[in-house]
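Enquirer: sequence and predicted structure below; questions after.
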Amino acid sequence: MSETGPMWLTREEDVVSHLYFAAAEIGSATMEFGSFQVPGSLSFPNPEQKTFSFFTHGEVDISKNPISEGDVVRFRYSQGDSTYTFISSVQDISDQAARRRWRISFPNAVERDQRRLVRRHRVMGRQGFHFSSLLVGRGHQQMALYDVAAAGVSFVFEVREGFKVGAEIEGEVRVPGCEPFRVHLEVRNIRPLPGDDKRKLAGCRFVSLAPSKQEALAQALAKLN
C-alpha cells in the first residue's frame, strides 16, 4: 500500500468507523452528481439500515440535474492535508424544515490520500485517558492511552507484558466526555514508545464496537483540542 497514492477502505467495520469520524470531526462535505455540486453536512451513520443522511441547507434547485432514488452520487470532504472521496447511491430524498435530507447507502469503499483511517488524537500525558484489562498472572491492570480514534486506540504497556500482533484483548476504555465502555480489541501493531526502552505501544482496532458507543466516542473526540 502506497504512502502517497490512493488507498481504499473496504472492510465494512472500517467504513462505518470512518463515517462516524467524518460526521463528528469533519461534518461538511460536497455531494456531486454529474456537474451538479452541492455542499451540506454529514450525519452519523445508521448501521442497522446501512445508511447515513446528508443535509443540504436552504433551497437546492435540482431541476436541471434531477436526482432520484437509486442514482449514483460522489462525496468529497477533507481535514487538513487528508482528502476523502467515495461513490454511493441515493435511497430517498425528503425535506425537513429548511433543509433537504438525502438518505445515502453505505459506500463499498472510501478512497483516501493518507494512510490514516481516521484522525488519531494524541492523549499521552492527559488525565482521564486509560485502558484497563485483566492480564494473565498480573490481575487487573490500568494502562495509559497514547492515542485514541473512532476506529481504535493505542495503549502503553511494559515490555514484560508481551502483547503480540494479532492478539485479541477485552477491557474497558475511559475517555473524558463519555461513559467508560467495554471493548474488544485486536492488536494491529507493536512499536517502541519514543524515548522509553522499557515500554511499548500496542496499536489496536475496535472489534464490533456497538453503534451507541461509537457515536458517544466520536462526539467526545470531536470536542478534544
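Expert: Sure, I can see it. Numbers count the residues shown, from 1 in each chain.
Enquirer: from now on I want contacts and neighbour counts done on CA atoms only, so please keep to that.
Expert: Will do.
Enquirer: which other helices and strands contact the longest strand along the chain?
Expert: Ranked by residue count under DSSP state E, the longest strand found in the chain is strand 82-96. Helices and strands touching strand 82-96, by 3 or more CA pairs under 8 Å, 6 or more residues apart in numbering; DSSP states H and E, are strand 72-79, strand 99-105, strand 110-112.
Enquirer: who touches the longest helix seen in the chain?
Expert: In the chain, assigned by DSSP state H, the helix with the most residues is helix 211-222. Identification of contacts with helix 211-222 by CA atoms under 8 Å, 6 or more residues apart in numbering yields 17, 20-21, 24-25, 44, 47, 121, 149-150, 175-178, 181.
Enquirer: still on that earlier bit, tabulate the helices and strands packed on strand 82-96 (TSV), appending distance to residue 7 and mean neighbour count.
Expert: Below are the helices and strands packed on strand 82-96 laid out as TSV (distance: least, CA to CA, whole Å; neighbours: other CA atoms under 10 Å):
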stretch	distance to residue 7	mean neighbour count
strand 72-79	15	17
strand 99-105	21	20
strand 110-112	5	20
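Enquirer: as a markdown table, the ones you listed with mean pLDDT and distance to residue 207 would be great.
Expert: Shown next, in a markdown table, are those (pLDDT from 0 to 100; distance: least, CA to CA, whole Å):
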| stretch | mean pLDDT | distance to residue 207 |
| --- | --- | --- |
| strand 72-79 | 94 | 25 |
| strand 99-105 | 88 | 22 |
| strand 110-112 | 89 | 19 |
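Enquirer: quick check: neighbours of the helix or strand of the chain with the lowest mean pLDDT in the sheet, parallel or antiparallel?
Expert: Lowest by mean pLDDT, DSSP states H and E among the helices and strands of the chain is strand 7-9, with a mean of 75. When pairs are called by DSSP bridges, strand 7-9 turns out to pair with strand 110-112 (antiparallel).
Enquirer: tell me which residues are up against the partner strand.
Expert: Contact with strand 110-112 is made by 6-10, 15, 82-87, as judged by CA under 8 Å, 6+ apart.
Enquirer: where in the chain is pLDDT low?
Expert: Residues of the chain that meet the criterion pLDDT under 70 lie in 1-6, 58-65, 96-98, 115-117, 136-139, 225.
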